[in-house]
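# Generate coordinates for the sequence data below:
(one chain, ligands or ions: 3)
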Amino acid sequence: MASKLEALEHWVNEVAALTRPARIHWCDGSDAEYQALVQQMLQTGTLIELNQQTHPGCYLHRSNPSDVARVEHLTFVCHPDEQDAGPNNHWMAPAEAHAKIDALFDGCMVGRTMYVIPYCMGPIDSPLARCGVEITDSPYVVANMRIMTRMGAAAQARIEREGTFIKGLHSTGELDPERRFIMHFPAELSIKSYGSGYGGNALLGKKCHALRIASHQARSEGWLAEHMLIVGIENPQGETHYIAAAFPSACGKTNLSMLIPPEGYLRDGWKVWTIGDDICWMRPGADGRLYAINPEAGFFGVAPGTSGSTNHNALTSISHDTIFTNVAVTADNQPWWEGLPGTPAIDWQGRPFDPANGPAAHPNSRFTVSAKQCPTWSEMAEAAQGVPISAIVFGGRRPSLLPLVMEARDWTHGVLMGAAMGSETTAAATGTVGVLRRDSMAMKPFCGYHYGDYFAHWLSFDQPGAKLPKVFHVNWFRKGANGKFLWPGFGDNLRVLEWMINRVEDRVDGVETPIGILPGDGELKVDGLRLDPAQLDALLDVDNAGWQAELAAIGEYLQTFVPHLPERLREEQQRVARALDAADDAQPRQEATAH
Ligand SMILES: Nc1nc2c(ncn2[C@@H]2O[C@H](COP(=O)(O)OP(=O)(O)OP(=O)(O)O)[C@@H](O)[C@H]2O)c(=O)[nH]1
Ligand SMILES: O=C([O-])CC(=O)C(=O)O
Ligand SMILES: [Mn+2]
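Ligands and ions are numbered 1, 2, ... in the order given. As a prediction, the model looks like this:
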């Protein structure tokens, strides 16, 4: 029988014939290999050594200024049938896409080394994990993949055993925005990415494999591939609840996944355990609960705003053996970004810092670090079966309307809450920042198939015998009349998670409103917070007229997925809209419009 490795070798040869590299290097994932790559990149200037006294093993990479974020307009999902991509994706016919991008790959590695990176997304022995191989000409990508995935010999052994893997082909190309594409071929289980070295476009195990391709696989195999953090909350009695939360890019996943409990909670013995900060794969277990793994092995986190007061655990994690991308440096060569104490000397483009040029660190500057370096890293992140999920949380940046927290009355309502998610855009993707856009389940840029079918897939988990998590929606970003955030956020978000767990455990009742269940009087613990009662009222206020308009907008949005939109979701939207109308009728007019 032909060795299962033959399929891999055949593909590698095919790619080499197209790209014509000078050498082929099969990555083994060893420390020696990583160190050798770093030395080579220091010599070529791809990496810059940072202050090794304060930051041992830390390096800086400055990317091309035109290549600093994901490029959604150049990202395509190439299903054979356009219908399967949906209005939520850019689509190109597979044959046309291959022809277009193969023309760019033709001879692109002449004189260069081609790296073959076998990797595993998820614990190497987990039945939920999946393998892939990325071929790239970028040593920076190899180094990042080593941190972000289980890369090398063990992954290759699993591929040899299973015979299946996702094929990912990447070249940095000329970094010409006119010659840049990120193409996905879900039916062929393959990815081709050309012309960008940026994380989300080039580390193919992450968004391309673990979300776009995996979401497509998950649909046919009965599981979910989601843009979610996974965090364990251990109460003083030693019971741990695992929570999965979907927020759009740069909306607080990394922060929530490693939050530090407020003073009083720490004293009482609350603990937080990090399982993942960006991606979650989950499937029903034999007991009917959803079990989740984090397919990644590292964090590719947003640097700006990360500080000792907002995210001390992240700051500790990145004090050594970290690759920084597009941050600024201080006069003594330490990494620096907005939110840190001290002053920058050199900006992210290598120029002497001048405020006239904008922020010193790029707003989407990032750190790449092994998850093992995080003080709250959980050993359960290695559990082959994953962790049972007690609650699913959706959330976004909403300056108004959306309350601090609300609970869905059931799974269908929860799916509507996820589908209706909206958020202000951030610097994680190129384009305008700060405009509201719908981002269902935080998957707008990552769902590898038609959103209507995706909503139906979510609804399909509601089956006899299923013990589904409760679903919540949060908003850390509601603003007061003064334009400031009403909620302190960060560590204090644990107060909201505690309320959720109390709801899961049936220890508090909440109050029913047309939009969902909100915390009842005194149920949200705000002692020790400098929060006046009016502020808390504003955070939990339900503006009926505003919500009527919101439900109408949600209805219009859902309509764009017809005929793939599940009828059950439309009916749910109508149910909530009717509940709001009824509440309106029951209220004196001036009260409903008083806000
Ligand atoms: N006001 C406020 N800001 C927050 C909170 N949590 C995070 N942020 C800020 O939001 C930004 C992004 O946070 P991250 O945790 O890195 O976001 P993310 O969702 O992991 O982002 P991606 O890696 O792009 O998927 C940072 O500037 C944080 O400081 C919060 O609770 N309140
Ligand atoms: O994909 C990336 O480049 C970084 C990330 O986590 C996101 O944007 O959600
Ligand atoms: Mn992300």
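# The stretch 401-550 of the chain: helices as residue ranges?
Under the criterion DSSP state H, counting those that start in this stretch, the stretch 401-550 of the chain carries helices at the ranges 411-419, 451-459, 493-504, 533-539, 544-559.
# Most tightly packed of these?
Stretch with highest mean neighbour count among those: helix 411-419 (a mean of 24; mean count of other C-beta atoms under 10 Å). In short, each C-beta sits where N, CA and C put it, glycine included.
# Render the CA-only coordinates of that one in CSV, please.
The C-alpha coordinates for helix 411-419 follow below in CSV (Å, rounded to 0.1, in the frame of the first residue of the first chain):
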residue,chain,number,x,y,z
TRP,A,411,-31.4,28.4,22.3
THR,A,412,-33.4,29.9,19.3
HIS,A,413,-33.4,33.3,21.0
GLY,A,414,-29.7,32.9,21.6
VAL,A,415,-29.0,32.1,18.0
LEU,A,416,-31.0,35.3,17.1
MET,A,417,-28.8,37.3,19.6
GLY,A,418,-25.7,36.0,17.9
ALA,A,419,-27.0,36.5,14.4
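# what does it contact?
Under the criterion C-beta atoms under 8 Å, 6 or more residues apart in numbering, residues 246, 392, 394, 406, 408, 440-441, 451, 455, 458-459, 461-462, 468, 470-473, 516, 554, 558, 568-569, 572-573, 576 lie in contact with helix 411-419.
# counting contacts, what elements does the helix of greatest length in the chain pack onto?
Taking DSSP state H as the criterion, the chain has its longest helix at helix 567-586. Where contact means 3 or more C-beta pairs under 8 Å, 6 or more residues apart in numbering; DSSP states H and E, helix 567-586 is packed against helix 411-419, helix 451-459, helix 544-559.
# Mean pLDDT and distance to ligand 1 for those - can I get that in CSV?
As requested, those are arranged in CSV below (pLDDT from 0 to 100; distance: least, C-beta to the nearest ligand atom, whole Å):
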stretch, mean pLDDT, distance to ligand 1
helix 411-419, 98, 16
helix 451-459, 98, 19
helix 544-559, 97, 21
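# Figure out which of those is closest to Thr75.
helix 451-459 (15.3 Å; C-beta to C-beta).
# can you pull out the helices in the stretch 1-150 of the chain?
So, for the stretch 1-150 of the chain - with DSSP H, counting those that start in this stretch - the helices run 5-19, 31-44, 94-105, 139-148.
# Could you look over these and pick the most buried one?
Sorting the helices of the stretch 1-150 of the chain by mean neighbours (by mean count of other C-beta under 10 Å), the first place falls to helix 139-148, with a mean of 25.
# Adjacent strands (with direction) for the helix or strand just after that one?
Using DSSP states H and E, the helix or strand that follows helix 139-148 towards the C-terminus is strand 150-151. Each strand paired with strand 150-151, and its direction, by DSSP bridges: strand 113-121 (antiparallel).
# Which positions within the strand it pairs with qualify as buried?
For strand 113-121, the neighbour count (16 or more other C-beta atoms under 10 Å) marks Thr113, Met114, Tyr115, Val116, Ile117, Pro118, Tyr119, Cys120, Met121 as buried.
# Same check on stretch 427-442?
So for stretch 427-442, counting by 16+ other C-beta under 10 Å, buried means Ala427, Ala428, Ala429, Thr430, Arg438, Asp439, Ser440, Met441, Ala442.
# model confidence over it, on average?
The average pLDDT within stretch 427-442 is 91.
# do stretch 507-515 as well
For stretch 507-515, mean pLDDT is 98.
# Can you give me the domain assignment for the chain?
5-49+73-222, 225-296+378-546, 299-373 (automatic domain parsing).
# Pull up the gap between Ala143 and Glu49, please.
To Glu49, Ala143 is 14 Å away according to C-beta to C-beta, to the nearest Å.
# I meant to write Gly197 there.
Per C-beta to C-beta, Gly197 is found 19 Å from Glu49.
# who has more neighbours, those two?
Gly197 (25 against 13; other C-beta atoms under 10 Å).
# Tell me if I'm right that the more buried one and Val68 touch.
No: shown here, Gly197 and Val68 do not form a contact pair, counting by C-beta atoms under 8 Å, at 9.9 Å.
# What about whichever residue of the chain sits closest to ligand 3, how many residues nearby?
At 4.3 Å from ligand 3, Asp278 is the closest residue in the chain, using C-beta to the ion. Close neighbours of Asp278, defined as other C-beta under 10 Å, add up to 25.
# close enough to count as contact, it and Leu229?
Yes: using C-beta under 8 Å, Asp278 is in contact with Leu229, at 6.6 Å.
# So for whatever residue of the stretch 301-450 of the chain ends up closest to ligand 2, what's the nearest residue that isn't a sequence neighbour?
Distances between the stretch 301-450 of the chain and ligand 2 by C-beta to the nearest ligand atom are smallest at Ala428, namely 3.7 Å. Among residues not flanking Ala428 along the chain, Ser249 sits closest, at 3.3 Å (C-beta to C-beta, 6 or more residues apart in numbering).
# Distance of the one you found relative to Ser307?
Distance from Ser249 to Ser307, by C-beta to C-beta: 20 Å.
# Mind checking which of those two has more residues around it?
Of the pair Ser249 and Ser307, Ser249 is the one with more neighbours under other C-beta under 10 Å, namely 24 against 16.
# Looks like the more buried one contacts Thr430 (just checking).
No: using C-beta under 8 Å, Ser249 makes no contact with Thr430, being 11.8 Å away.
# Neighbours of Arg20, how many?
Arg20: 16 neighbours (other C-beta under 10 Å).
# same thing with the one 3 residues further on?
With neighbours defined by other C-beta under 10 Å, the count for Arg23 comes to 11.
# ok, it - contacts?
For Arg23, the contact set (C-beta under 8 Å, 6+ apart) comprises Thr113, Met114.
# Kindly report the same for Ala381.
Neighbour list for Ala381: Pro123, Thr274, Ile275, Gly276, Ile293, Asn294, Ala371 [criterion: C-beta under 8 Å, 6+ apart].
# picking up where we left off before, kindly provide the distance from the residue of the chain closest to ligand 3 to Pro248.
11 Å.
# Setting aside sequence neighbours, what's the nearest residue to Thr343?
Thr330 (6.8 Å).
# Could you look up the SS state of Asn364?
Following DSSP: H, G, I helix; E, B strand; the rest coil, the label given to Asn364 is coil.
# follow-up on the earlier one: quick one, which of the helices and strands packed on helix 567-586 is nearest to Gly29?
Using C-beta to C-beta, those put helix 451-459 closest to Gly29, at 33.5 Å.
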